[in-house]
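Asker: Structure, please.
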Amino acid sequence: MRLLFLSFFALFLFACTTESPFESVQEDIEDEISWDIDRDVELYKSSSSYQSESEKCRLGTSAYSDSWCCYNYGYQCYTYSSSSSYQSESEKCRLGTSAYSDSYCCSTYGYQCKSYLESSKSMKFCLTYFETENNWDGLGVGDPEISFTIYAITSAGQSSTIYTGKLLDKDNTKFWSGNSCTTKTIPALTQTIKVCPTVIDEDVSSDGDDNYSSRMCYSVSSIGYLKDYDEQEQSDYWNSDCTVKWEWYLY
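Answerer: Got it, this is the predicted structure:
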């Protein structure tokens, strides 16, 4: 009787510690299904019918926007930039829809310009060349002093006078080239800039200096249309006594 009891007790312990055959079968089925799903996914990805989002963007079949594809994968960027929904800052300036000011659009892209300056600007003014064209003082050379008077004129005809001071002051000189510069301020509302050169042959041995100026002035109108750093080259072409050249730009 004692032996029979121990046998039943051992069988009971074995039943408690051993996995149910039904549970084992269920786990095997789940593992098989999981493996089949993973295999099917890999097969689908490797098939010709599968396309990654990157590939869709490349082919232009993505459900996302061109700008999204451009930002995330570098595809469809040209299509996005050339589409009607995209506008460069230059195009916005041309259409008058830029968030920047008209003066910015004008100086940067040449759009929305006024013929006059909407705000004051700096002017870089440089004398670049001088040469005597006749026999100054009977020596073939001179003692040139060159300066300029600049008139900033509004559309109403009001004028502001600006002096450069001496940009060249030489002794016994026939020829000079280089850059002798000064910076001035051109006031707002200026529409025309008129430059008048003055050329003096300093004569220390007599009572007065010789004036070799042509007494002519040279103008540039509608300066509001000029872009920043757009160089304006000018010369005193009416002068038969000497050659004088200069240039200037606004910024």
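
Asker: Every contact and neighbour count from this point should use C-alpha atoms.
Answerer: Noted.

Asker: check contacts around the closest residue to Lys56 other than its chain neighbours.
Answerer: Leaving aside its sequence neighbours, Lys56 sits nearest to Ser62 (CA to CA, 6 or more residues apart in numbering; 4.7 Å). Neighbour list for Ser62: 53, 56, 69 [criterion: CA atoms under 8 Å, 6 or more residues apart in numbering].

Asker: now do Asp171
Answerer: Neighbour list for Asp171: 142-144 [criterion: CA under 8 Å, 6+ apart].

Asker: what kind of secondary structure is it in?
Answerer: Here Asp171 is coil, with the state taken from DSSP: H, G, I helix; E, B strand; the rest coil.

Asker: mind checking how far it is from Trp136?
Answerer: Applying CA to CA, to the nearest Å, the value for Asp171 to Trp136 is 12 Å.

Asker: Repeat that for Glu145.
Answerer: Taken as CA to CA, the span from Glu145 to Trp136 is 13 Å.

Asker: Between these two, which contacts overlap?
Answerer: With CA under 8 Å, 6+ apart, Glu145 and Trp136 have common neighbours Asp201.

Asker: quick one: Trp239 and Cys217 touch, right?
Answerer: To be clear, residue 239 is Asn; Trp isn't right here. No - with contact defined as CA atoms under 8 Å, Asn239 does not count as touching Cys217 (11.0 Å).

Asker: hang on, Cys106 is in a strand, isn't it?
Answerer: No - read with three-state DSSP, Cys106 is helix and lies in no strand.

Asker: Which residue comes closest to it once chain neighbours are left out?
Answerer: Excluding its sequence neighbours, the residue lying closest to Cys106 (CA to CA, 6+ apart) is Cys113, at 4.8 Å.

Asker: Helices of the chain, start to end?
Answerer: 2-17, 21-46, 53-59, 66-73, 77-82, 89-95, 102-109 (DSSP state H).

Asker: pLDDT averaged over the second one - what is it?
Answerer: Summarised as a single mean, pLDDT over helix 21-46 is 60.

Asker: Contacts made by stretch 213-221 with the rest, please.
Answerer: Taking CA under 8 Å, 6+ apart as the rule, stretch 213-221 contacts 115, 191-200, 234, 236, 238-240.

Asker: first vs last residue of it, how far apart are they?
Answerer: Start-to-end, stretch 213-221 (CA to CA) is 23 Å.

Asker: buried sites along that stretch?
Answerer: 213-214, 217, 221 (16 or more other CA atoms under 10 Å).

Asker: quick one on the thing from earlier: distance-wise, check the residue nearest to Cys106 relative to Glu202.
Answerer: 44 Å.

Asker: If you count surrounding residues, which of the two has more?
Answerer: Taking neighbours as other CA atoms under 10 Å, Cys113 and Glu202 compare with Cys113 leading, 21 against 18.

Asker: which phi and psi does that one have?
Answerer: Main-chain torsions, Cys113, degrees, to the nearest 10: phi -80, psi 150.

Asker: thought it was touching Gly96?
Answerer: No - using CA under 8 Å, Cys113 is not in contact with Gly96; the gap is 10.8 Å.
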